[in-house]
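Enquirer: Next one to model:
(2 chains)
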Amino acid sequence: MKYTLSAFSIAVLFLFSGCDNRLTDVELNSNPYDQEYAGPKVVMIDHGRTIIETVFTTAHPKNEIYVRPATQLYHKVNLYRNGVLIKTSPRQSYGAENLVEMIRDESPVAGVSYSYEAALVSETSVTAKSEPFSYTTTP
Amino acid sequence: MKLKNLPILLPFLLLLLFNTNIKAQQTGYLHLRIYGSKTPAVCMLDGARIATNDSTFSLASGKHSLKIWMPKMKLIDSTIVIPQNNDTAKYSFLLRFRPEYVAYRKAYADYTDTRNKRFFVSPIFMGLTIGTGLFINNKYGKKQYAKMEDHYATYNGVSTQAEMNVQKDEFYAAKKKYERLKKVEYGIYSVAGVLALNYVRIIIKQRRTPVPHYTEEKLFSRIDFNLYPDIDRKALICGLSLKF
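Expert: Here you go, the predicted model:
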């Protein structure tokens, strides 16, 4: 009788551990460059670091925008101001985690509010834009 | 007859009386042998118990009642005739088992066989099915799963839509095969489960095999209780009958 129960337990054990299910429910839409990408935004304006307004001696203010990519798969970062691409910055951060890219808006007008967006760029594709972040340049 | 003739007649009278006594005390011998029983059987001669097993008895000539019995054996109820003139009558009896006891021994042998029987078919098939499931999983299932992992990793490492589409197609093809194999594997394990349950059922059934019992024949066991309706008299008749 005990051999029977042992055999039955082993059968049940195999039944529940025989197959690997980690990838069975996975849909391939996790690549941020995919047209069918359905994951979270992989690039965001870093709200933790406030956009820094810098005033140079030439009296031209500059806004520094910090972008946090959620993937390693990029070469450049695009910066959009009011939906228009104003700058493409090469990748500067290569850490395994906590990637942060800083892009500088060289020509903001003081007292004007802008909506900034960012996107990651690979050799052939561009990801979706980040959530827009509004900022009024300090006079 | 005159008394003066008595001396002459007395020897004849005595002879006549003597002859009569001789006739009344005619004896013979019984040589009794009983086969079929290692232990001495219960042997009743004219209602009195006697020793048995290759014995010789001196008995009065004539018919005698002889009953021989042993537990589990059929009763021998016989009449023997003892000869005159000290001759020996040889009687042999073979004790036989009662049919009920023979049937009981057969039933008990069947019971012992059933209880001691070992069932190998179910465990062997259980092992085969589980082994087949493991073989499918290791030989084919893991291969397809490794393919899925490769295509998943490659998909996440490319950025052109064409490359991603190729990896997607390959991934879903491997996933389809893998899920099909998984269903087959689960089916096989289900068969193993059914076999295991069936094996448990067989073992329980074996453990619950009723033990046969033998009851010695008694007077009451010969009595049958009869109950039947008498339609003409509109009565229910109840009676007892004794089997002979």
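
Enquirer: What is the burial count for the residue lying closest to residue B:87 once chain neighbours are set aside?
Expert: Closest residue in space to residue B:87, ignoring its immediate chain neighbours: residue B:28 at 5.2 Å, by C-beta to C-beta, 6 or more residues apart in numbering or on different chains. Yep, even glycine has a C-beta here, placed from its N, CA and C like the rest. Using other C-beta atoms under 10 Å in any protein chain shown, residue B:28 has 19 neighbouring residues.

Enquirer: Please tell me how far residue B:28 sits from residue B:98.
Expert: For residue B:28, the distance to residue B:98 equals 33 Å [C-beta to C-beta, to the nearest Å].

Enquirer: can you check residue B:182 too?
Expert: 64 Å.

Enquirer: in the chain, which spans are helices?
Expert: Defaulting to chain A. With DSSP state H, the ranges of helices along chain A come out as A:2-17.

Enquirer: please go with chain B instead
Expert: B:6-24, B:99-116, B:121-136, B:142-157, B:161-207.

Enquirer: Which one of these lies nearest to chain A?
Expert: Closest approach to chain A among those (C-beta to the nearest C-beta): helix B:161-207, 4.0 Å.

Enquirer: Packing partners of the closest one?
Expert: helix A:2-17, helix B:121-136, helix B:142-157 (3 or more C-beta pairs under 8 Å, 6 or more residues apart in numbering or on different chains; DSSP states H and E).

Enquirer: Just the mean pLDDT for the first one, thanks.
Expert: This predicted structure assigns helix A:2-17 an average pLDDT of 61.

Enquirer: give me the number of residues near residue B:182?
Expert: The number of residues packed near residue B:182 is 20, by other C-beta under 10 Å.

Enquirer: Equivalent analysis for residue B:63, please.
Expert: 11.

Enquirer: what's the distance between it and chain A?
Expert: The gap separating residue B:63 from chain A is 64 Å, by C-beta to the nearest C-beta, to the nearest Å.

Enquirer: pretty sure that residue contacts residue B:80?
Expert: Yes. Contact criterion C-beta atoms under 8 Å: residue B:63 and residue B:80 qualify, at 7.3 Å.

Enquirer: which one is residue A:85 nearest to, not counting chain neighbours?
Expert: Spatial nearest neighbour of residue A:85, chain neighbours left out: residue A:78 (5.6 Å); criterion: C-beta to C-beta, 6+ apart.

Enquirer: In contact with the one you found, which residues?
Expert: Residues in contact with residue A:78, defined by C-beta atoms under 8 Å, 6 or more residues apart in numbering or on different chains, are A:85, A:87, A:88, A:118, A:119, A:120, A:121, A:126.

Enquirer: redo that, cut-off 7 Å
Expert: Shown in contact with residue A:78 (C-beta atoms under 7 Å, 6 or more residues apart in numbering or on different chains): A:85, A:88, A:118, A:119, A:121, A:126.

Enquirer: For the third one, name its beta-bridge partners.
Expert: Pointing back at residue A:118 there. Residue A:118 has these beta-bridge partners by DSSP bridges: residue A:79.

Enquirer: thought it was touching residue A:45?
Expert: Yes. Contact between residue A:118 and residue A:45 holds when scored by C-beta atoms under 7 Å: they sit 6.1 Å apart.

Enquirer: re earlier: how close does the residue nearest to residue A:85 sit to residue B:132?
Expert: 56 Å.

Enquirer: How about residue B:101?
Expert: 51 Å.

Enquirer: that older thread, let me know which of the helices of chain B is the nearest to residue B:235.
Expert: helix B:99-116 (34.6 Å; C-beta to C-beta).

Enquirer: Is chain A within reach of the closest one?
Expert: No. On the criterion C-beta under 7 Å from any C-beta of the partner chain, helix B:99-116 is out of touch with chain A, staying 13.3 Å away.
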